[in-house]
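[1] return atomic coordinates for the entry below.
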Amino acid sequence: MADELDLLRRANPVPVGGAHFGDGPLDHRAERHLAGLLSERPAQRRPRLLDTRRSRLTWGLVTAAVVSAVTLTLVVSGPGTQPAVAAPRPLVVLADSTPMPLDQLAGRAETAAADGSPKPRKGTHVQSWSLGMSDDKPPITLPEERIVRWKADGSHTELVVATDPRHRGRPVLSDEGGDPRLVEDGHVVDRRTYPPSWSDAPPESPPPHDVAGLRAYLQETEYTPTALTTPELLHAVADLLDHWTLGARENATLARLLADTRGLRPVGEVTDRLGRRGQAYVYDGSGTRTMLIMDPSEGAVLGLETTFSRADPKYGVKAGDVMSYSAWMR
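    Reported below is the predicted structural model:
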């Protein structure tokens with residue numbers, strides 16, 4: 001309880017004029033601040049997590065800090081256990097598959113959204129591999145599944161379990177308690193219930209159905225007054241999908257926005273880590289490559305993978321090594 005009060009005081013400090021903390025509801029600014037503070041709390045009890053879905057660090061800083069063991073195969077085993085592989089292999093475009101232009105995919109998504117079903121739902125279901133490191137241990141890639149569900153009263157729950165869809169039933173690497181160790185598949189890493197919150201700021205507010213409105217929405221998500229670059233846009237999309245399960249109309253709007261984005265090129269069909277077929281679109285950045293995987297019929301974003309695009313022997317990094325991956329589900 002003391003922690004919650006501390007967060008509230010930090011989010012909504014005593015206003016000028018002598019009012020006391022708790023005299024009134026949180027204002028718009030304070031709601032956003034509190035939401036940010038709450039989202040940071042799970043990481044405070046664990047090694048510093050370099051989550052590339054949320055981090056605003058440049059790829060250069062990430063590389064310098066953690067790439068020395070991105071491809072590490074970490075074995076924390078006891079009798080009868082199997083090694084936990086720290087990083088997944090990069091996705092491979094299927095041979096002889098035909099790339100689908102984003103404009104064509106957006107058209108299909110708009111057709112599929114004609115009846116407006118399914119509807120959007122606040123909350124997310126995502127499996128991810130994210131880089132984690134502590135002050136005295138090498139970085140590792142932690143496979144986790146996170147489910148966030150919102151209730152009618154504005155409260156929400158968050159469940160995080162250790163799981164790896166590539167190896168169901170096998171021990172999974174977790175950093176629960178601050179020490180990397182093997183746990184059983186499906187082991188609960190974190191379970192929390194958050195108090196009611198009614199923020200009207202992105203990404204807490206519902207995403208709009210028009211491209212211009214969605215572009216402005218994503219720009220506000222990134223806290224920048226200038227037009228988003230393609231890497232910033234993809235980061236904002238990931239942030240949106242970590243808060244919302246989009247409906248048909250939202251998928252179509254996002255697909256149309258992505259079709260107008262510079263630098264995203266179609267490369268063909270892939271099978272993602274949950275066994276789903278999708279069309280892949282690649283953006284080549286400075287030292288990294290981001291692959292966006294989309295449902296070819298409904299336009300939903302299925303996944304986002306970032307890999308190193310060039311080798312760096314100094315850090316033991318090979319071209320194609322995976323930095324992060326997220327797979328969103330409905």
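[2] mean pLDDT per element in this protein, and the minimum belongs to which helix or strand?
    Within the chain, no helix or strand scores below helix 59-66, which has a mean of 31 by mean pLDDT, DSSP states H and E.
[3] may I see the buried residues of stretch 153-168?
    Of the residues in stretch 153-168, 156, 158, 160-164 count as buried by neighbour count, 16 or more other C-beta atoms under 10 Å. For glycine as for every other residue, the C-beta is placed from the backbone atoms N, C-alpha and C.
[4] go on, stretch 181-201?
    Those would be 181-183, 185, 189-190, 194, 197, 199, for stretch 181-201 by 16+ other C-beta under 10 Å.
[5] can I get stretch 251-270 in CSV? Just the C-alpha atoms.
    Extracted C-alpha coordinates of stretch 251-270, given in CSV (Å, rounded to 0.1, in the frame of the first residue of the first chain):
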residue,chain,number,x,y,z
ASN,A,251,-6.5,-3.2,-38.5
ALA,A,252,-7.6,-1.8,-41.8
THR,A,253,-6.7,1.8,-40.8
LEU,A,254,-3.3,0.7,-39.5
ALA,A,255,-2.6,-1.4,-42.7
ARG,A,256,-3.4,1.7,-44.8
LEU,A,257,-1.1,3.9,-42.7
LEU,A,258,1.7,1.3,-43.1
ALA,A,259,1.1,1.2,-46.8
ASP,A,260,2.0,4.9,-46.9
THR,A,261,5.2,4.4,-44.8
ARG,A,262,8.5,4.8,-46.6
GLY,A,263,11.1,2.1,-46.4
LEU,A,264,8.9,-0.9,-45.7
ARG,A,265,9.4,-3.4,-48.5
PRO,A,266,7.5,-6.7,-49.1
VAL,A,267,9.8,-9.8,-49.1
GLY,A,268,7.3,-12.7,-49.2
GLU,A,269,5.6,-15.1,-46.9
VAL,A,270,6.8,-16.4,-43.5
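[6] related to what we said a few turns ago, from the buried residues of stretch 153-168, pick the one nearest residue 100.
    When the buried residues of stretch 153-168 are ranked by distance to residue 100 (C-beta to C-beta), residue 164 comes first, at 29.4 Å.
[7] can you pull the contacts of that closest one?
    With contacts defined as C-beta atoms under 8 Å, 6 or more residues apart in numbering, the neighbours of residue 164 are 84, 143, 170, 172, 185.
[8] any idea which of those is closest to residue 287?
    Residue 287 lies nearest to residue 143 out of these, by C-beta to C-beta, at 24.1 Å.
[9] that closest one contacts residue 170, correct?
    No. With contacts defined as C-beta atoms under 8 Å, residue 143 does not count as touching residue 170, sitting 10.7 Å away.
[10] the more surrounded of those two?
    Neighbours per residue, other C-beta atoms under 10 Å: of residue 143 and residue 170, the larger number sits with residue 143, 26 against 16.
[11] and that one, which of the three is it?
    Three-state call for residue 143 (DSSP: H, G, I helix; E, B strand; the rest coil): strand.
[12] quick one: the nearest residue to it once chain neighbours are set aside from residue 153, how far?
    Distances taken as C-beta to C-beta, 6 or more residues apart in numbering place residue 164 nearest to residue 143, at 4.1 Å, with adjacent residues excluded. According to C-beta to C-beta, to the nearest Å, residue 164 and residue 153 sit 34 Å apart.
[13] repeat for residue 301
    29 Å.
[14] so residue 238 lies in a strand, does it not?
    No. Per three-state DSSP, residue 238 lies outside any strand segment and is helix.
[15] what number of residues lie near it?
    25.
[16] before we move on, the earlier item: can I get the buried residues of stretch 153-168 in JSON lines with pLDDT?
    Compiled in JSON lines, these are given as follows (pLDDT from 0 to 100):
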{"residue": "156", "pLDDT": "95"}
{"residue": "158", "pLDDT": "95"}
{"residue": "160", "pLDDT": "94"}
{"residue": "161", "pLDDT": "93"}
{"residue": "162", "pLDDT": "89"}
{"residue": "163", "pLDDT": "87"}
{"residue": "164", "pLDDT": "81"}
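[17] rebuild those residues as a markdown table, extending it with secondary structure and distance to residue 211.
    Listed next are those as a markdown table, based on DSSP: H, G, I helix; E, B strand; the rest coil; distance: C-beta to C-beta, whole Å:
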| residue | secondary structure | distance to residue 211 |
| --- | --- | --- |
| 156 | strand | 28 |
| 158 | strand | 31 |
| 160 | strand | 33 |
| 161 | strand | 36 |
| 162 | strand | 38 |
| 163 | coil | 36 |
| 164 | coil | 36 |
